[in-house]
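Asker: missing the sequence, but the structure's below:
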């Protein structure tokens, strides 16, 4: 395809009987921060290793600037990898680790010094060159791995779950720095992760993978707000996922759907619908409002339900409610604690509550024609 | 207050090793400074004769032979064992392969030596095969020379090299090799610059485990060797049981032990200094070396 | 991670070579044990050497019996001494502990022949007749460091917190020792014993020096067979030894598995 920097076309991979990648096709633009997101075993790391050249695809092609690189061995590809375990050479100092690719090219000593120093500064480790990897903290090792992978000035940087070995705070921090490095050097990043927060926060685009297939490609916003598939809806964030039958089509954007055990609700739809279609709808918990008082003056197509609080999880900045609206249906609802504590009327376990949300916030994921 | 039973537990161990190891070794040292008795044994009279007798070209030549046979067989064993253990450690059937390597090793030592006599001997299989194929017309003696001793030494001690190398390579993080390849190294450079430095501990152990028994070899040259492959061990035995010059047997024993120790120390020193020069720019601050594990034992 | 990385052709080649090198001589021995001829030329299938081995080699079986007795007794004694020593060195702190734990391994590093020679001179010095008993003493001596090493390795392997847990749960010192440490060390004790038996059955060099008239062991007997006229009986014996080795290996693996994985 034209304009793409890395193009994966119809890649299949078998390990014995195991079908690890099922006709995967992906286009990545030049300079993009592109994430491969999925649960472990979904094939994302295998795909990355195929791009790096550590595995050969069973069939299909990997195009780099339009050139098929499948026959090119790993050491000849303009692609470098930041490994999950960092893979720093324990017998070499930080400096020599970063200098390794330059030494292979027999670069002159003075030039090596300048260049390695430049990259150590890029990852904010200008003074750690003489240490051995074993003397560094996890975050520092991570930085060395990044500097080492960048020093060859690859056109694509592959990152294989680079933050998974760090603790939560440090992960946040490194994520911001990765983003800054990406902005600074402007090459293509392909980032493999199972953590949706990581993927959503830094990526230009995300490919969600499951069981060897790419199920959806889109911006973080698209992936979150309009999942194309129940897997994506469930995997990204938390949601209320319910099924019902269309009873009325309202204009070309909305519909009225009857849900057993819940009742009739207004939903948003961007697919052709007809009365009688069976649909699956996702409603994000943070879109739902909750109150113990009945709200007054709701708009025409607002959805309003009444129920009891089954379960309540307090977590500081927000609370999570499980609201039972009938014997067989509960909704999860998030409430941000944005107001002063005293101003907010507390909702307790077993309270009767009202929950309501906008018609645009119920999104039709699947349609099944009768 | 905890009662300390430690010395009680260790007493039998210490006692046994003092009586049956330390004292006998001290006696050797003592005897080497005595005069030889007329009918074997010693006369309790100080003398340096036994050490003077060492200073003689025959002993030098034998010492050189011993050193050469030990070095050559160690080199062959390690050269075979590195790729073989690499393959085993990378395979899915590691345990099976390990068993395959160990089983011949459990077969009695002398039977393993004898097997080679059956192959290489004057009437052995190699001779009869070559003659029946018409490649040769007369029997050739393949046994009783230095090469035969090296071959059989390699055969009998090879697993000593494979075991420590295997357990080190198995612990090696192969993503390091992938990283080197990713950064532009060929398979060969990745092996030399990343794999070998990181399995150093295993290589050292393999060298020590093979060099020590090869250097003190007695049985193999006794059975398979000829006059040109006489080793120090054989001289000791001869002086002890045939010539019955016990002081000389003792002084050669001391020399053998000293040379082994020297060889081992020299090798470990070389190993360490090249390790240090490898990290030219290592810190001046105290470095905790993350030594790759020295491997298993036999 | 699933990986079907093919390993290099070179290392595969070297491994294959190694296996062929290790097995070829043994295979040849097995084949020729069924040869009817006394020479290496093939002269038809026969069991005559087995016949001779089992029914007219009394000396050989006598040596085998000697070997077995020495192996079991020296392995037992060295296992007791080595295990006690390992517990003492691992569990307590006392003067010279460090020195003892280093010095105890020196016998492993000294060439066998030196041990043999020094023991021979020692036994002569204390006027102890060379016999099965001196062989037993020598074997116990070289077995002790191996048992010590295996049991220590096992003790160092297990999680020290289980001892603290034992204390926490109210165990006294001797209880912790008998109820926690010994059971934890047990696999090491067993493998130490097995290694000692193997080493003892196998030893030729040291035994050669400390054996006296009438105290032949199996390796000594094989040696004399090799030295003084090779008879194909030795081929048959080799096959029995190889088969015995394989069976024992399989058995001990299963026994160990059964004992520790139930």
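Answerer: All right, it came through fine. Being a predicted model, the structure only gives us computed values, none of them experimental. Numbers count the residues shown, from 1 in each chain, chains lettered A, B, ... in the order given.
Asker: what's the helix or strand for residue C:115?
Answerer: Under the criterion DSSP states H and E, the helix or strand holding residue C:115 is helix C:112-125.
Asker: okay, and the beta partners of the nearest residue to residue A:26 once chain neighbours are set aside?
Answerer: When the adjacent residues along the chain are set aside, residue A:26 lies closest to residue A:8, with 4.4 Å between them (CB to CB, 6 or more residues apart in numbering or on different chains). Quick note: C-beta positions are derived from backbone N, CA and C, even for glycine. Listed beta-bridge partners, residue A:8: residue A:26, residue A:62 (assigned using DSSP bridges).
Asker: and residue A:8, how far is that from chain B?
Answerer: When CB to the nearest CB, to the nearest Å is applied, the distance between residue A:8 and chain B equals 18 Å.
Asker: thinking again about what came up before, what are the buried residues along the helix holding residue C:115?
Answerer: C:112, C:113, C:114, C:115, C:116, C:117, C:118, C:119, C:120, C:121, C:122, C:123 (16 or more other CB atoms under 10 Å in any protein chain shown).
Asker: check which helices and strands it sits against.
Answerer: For helix C:112-125, the packing partners by 3 or more CB pairs under 8 Å, 6 or more residues apart in numbering or on different chains; DSSP states H and E come out as helix B:23-31, helix B:232-237, helix B:246-278, helix C:132-157, helix C:205-210.
Asker: need the residues that contact the second one.
Answerer: Translated: helix B:232-237. When contacts are defined by CB atoms under 8 Å, 6 or more residues apart in numbering or on different chains, helix B:232-237 is touched by residues B:59, B:62-63, B:66, B:215-218, B:221-222, B:225, B:249, B:252-253, B:255-256, B:259, C:111, C:113-114, C:117, C:209.
Asker: try stretch C:34-46
Answerer: Identification of contacts with stretch C:34-46 by CB under 8 Å, 6+ apart yields B:118, B:121, B:123-125, B:128, C:32, C:47-49, C:231-232, C:235.
Asker: check what pLDDT the residue in the stretch 1-150 of chain B that chain A sits nearest to gets.
Answerer: In the stretch 1-150 of chain B, no residue comes nearer to chain A than residue B:92, which is 10.8 Å away by CB to the nearest CB. Here, the pLDDT recorded for residue B:92 equals 85.
Asker: go on, residue C:178?
Answerer: Predicted confidence (pLDDT) for residue C:178: 78.
Asker: for the helix or strand encompassing residue C:220, packing partners?
Answerer: Counting by DSSP H and E, the element that carries residue C:220 is helix C:218-227. Judged by 3+ CB pairs under 8 Å, 6+ apart, helix C:218-227 is in contact with helix B:109-120, helix B:219-224, helix C:58-91, helix C:182-202, helix C:205-210, helix C:233-260.
Asker: quick one: contacts for residue 44?
Answerer: With no chain named, the answer covers chain A. Under the contact definition (CB under 8 Å, 6+ apart), the residues listed for residue A:44 are A:36, A:37, A:38, A:192, A:193, A:194, A:209.
Asker: should've been chain B
Answerer: Residues in contact with residue B:44, defined by CB under 8 Å, 6+ apart, are residue B:34.
Asker: and it, that one's in a strand?
Answerer: Yes. Judged by DSSP: H, G, I helix; E, B strand; the rest coil, residue B:44 forms part of a strand.
Asker: number of residues surrounding the residue lying closest to residue C:115 once chain neighbours are set aside?
Answerer: Setting aside the residues directly before and after it, residue C:115 is nearest to residue C:206 in space (CB to CB, 6+ apart), at 5.6 Å. The local packing count at residue C:206 equals 25, with neighbours defined by other CB atoms under 10 Å in any protein chain shown.
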